[in-house]
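Peer 1: sequence and computational prediction follow.
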Amino acid sequence: MHITTIKGADGSRVEASRPTDAELQNEYNYILAENFTKKLLEKGLISVDEFDKIMEKNRRTFSPLFSRI
């Protein structure tokens with residue numbers, strides 16, 4: 001993440017972090033993988049246990065930033 005100093009609402013200086021392009025790409029890839037995996041589950045092509053295992057692997061692979069929130 002990049003740290004940037006910005007002006008707060010009260011005029012004070014506040015440090016804010018901005019994700020890098022690579023972090024944003026990882027986030028996008030994670031969301032795509034999550035949506036695809038959900039569709040497999042909805043169609044009955046994988047079990048809930050398999051879904052959970054795949055999603056754990058996706059979290060390790062893509063290290064999502066916003067998806068943890």
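Peer 2: Thanks, I have the structure now. It should be emphasised that the depicted structure is a prediction, and the values quoted were computed from it without experimental measurement.
Peer 1: so what does the longest helix along the chain touch, helix or strand wise?
Peer 2: Counting residues, the longest helix found in the chain (DSSP state H) is helix 21-42. Using 3 or more Cβ pairs under 8 Å, 6 or more residues apart in numbering; DSSP states H and E as the contact test, the elements touching helix 21-42 are helix 48-62. No exception for glycine: its C-beta is placed from N, CA and C like everyone else's.
Peer 1: circling back: list the buried residues of the longest helix of the chain.
Peer 2: Buried residues in helix 21-42, counted by 16 or more other Cβ atoms under 10 Å: 23, 26, 27, 30, 33, 34, 37, 41.
Peer 1: how close does residue 52 sit to residue 12?
Peer 2: Distance, residue 52 to residue 12, using Cβ to Cβ, to the nearest Å: 44 Å.
Peer 1: quick one: which of these two has more around it?
Peer 2: Higher neighbour count among residue 52 and residue 12: residue 52, with 13 against 8, using other Cβ atoms under 10 Å.
Peer 1: A helix includes residue 15, no?
Peer 2: No: membership of residue 15 in a helix is not supported by DSSP: H, G, I helix; E, B strand; the rest coil, which gives strand.
Peer 1: ok, it - how many residues close by?
Peer 2: Residues near residue 15, counting by other Cβ under 10 Å, number 8.
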